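# here's my sequence, what's the structure:
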Amino acid sequence: MKYKFISIEGNIGVGKTSLATKISHDFKSDLILESFAENPFLPSFYKDPEKYAFSLELFFMAERYSQLKGKSNQNLFLKSTVSDYFFMKSKLFAKNNLNNVEQELFNRLFDIMMNSMPKPDILIYLFSDIKRLQENIKKRNREFEQSISDEYLQNIQDRYLDFLKKQQIFPAIIVDVTNCDFVNKASDYNKIRNLLTSKYPIGLTKINVFD
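Numbering: from 1, shown residues only. I've put the predicted structure just below:
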């Protein structure tokens, strides 16, 4: 593997945690997983988004900052590390979920934190169509996620793709996993895993391994 810090990103239900866990195991890398279950505002947010969105996003950002900053202070780059999120996720979700006044305050805090966050050496964005995402969400059966709308998922997808197309900070690759099962099929997983043996240019590259 040619990368020390790998971020796995993608929409809700696409399999970020599953892929990050498998890659970290194979490459004997440290693993950073988002602790979404510890966010006390998550169930309430899906019932009343306007009321709980700001608290939800602040909590997530603080947790992500604490995880990544703590890891960075422990010499992140001495050993390869795989994370199932990138810190920019906080700003993208906030842009989708917060009103203009809340966004202004949130972004001030985000910018302060972002300055000290480690940048990934590569980001893998797992793309899936909305129908497949909804199937995955239903399958994993987290009660608070069952009311997520197609429109919400599409908006999140659009935020990610817009950012990735414009950023010129690190290499990012998009892998369409709509028609694969990298969790249960070794051949599908290995196609993604093997991407980490190649180098990619700064910016966005689309990889077609499941055509």
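
# residues in contact with stretch 94-107: which ones?
Stretch 94-107 is contacted from outside by 45, 49-50, 53-54, 56-58, 61, 91, 110, 152, 155-156, 159, using Cβ atoms under 8 Å, 6 or more residues apart in numbering. Bear in mind the C-beta positions are built from the backbone N, C-alpha and C, glycine included.

# mind checking which of these are buried?
45, 53-54, 56-58, 61, 91, 110, 152, 155-156, 159 (16 or more other Cβ atoms under 10 Å).

# of all pairs in those residues, which one is the farthest apart?
The span of these, defined through Cβ to Cβ, is set by F110 and Y152 at 21.0 Å.

# returning to what we had before: in helices, which of the contacts of stretch 94-107 appear?
Those of the contacts of stretch 94-107 mapping onto helices are 45, 49-50, 53-54, 56-58, 61, 91, 110, 152, 155-156, 159, per DSSP state H.

# tell me the one of those nearest K191?
Once Cβ to Cβ is applied, the member of those that ends up nearest K191 is I156, at 24.9 Å.

# just say helix, strand or coil for the residue in the chain sticking out farthest from the centre.
Taking Cα atoms, centre = their mean as the measure, the residue most remote from the mean C-alpha position of the chain is V101, 25.1 Å away. Classification of V101 by DSSP: H, G, I helix; E, B strand; the rest coil places it in helix.

# sorry, back to before: as TSV, the buried ones among the contacts of stretch 94-107 with pLDDT would be great.
Shown next, in TSV, are the buried ones among the contacts of stretch 94-107 (pLDDT from 0 to 100):
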residue	pLDDT
F45	94
A53	97
F54	97
L56	96
E57	97
L58	97
M61	97
K91	97
F110	97
Y152	96
N155	97
I156	97
R159	97
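
# which stretches of this protein form helices?
Secondary structure of the chain, counting by DSSP H: helices at 16-26, 42-47, 49-73, 89-97, 100-114, 130-140, 150-166, 186-193.
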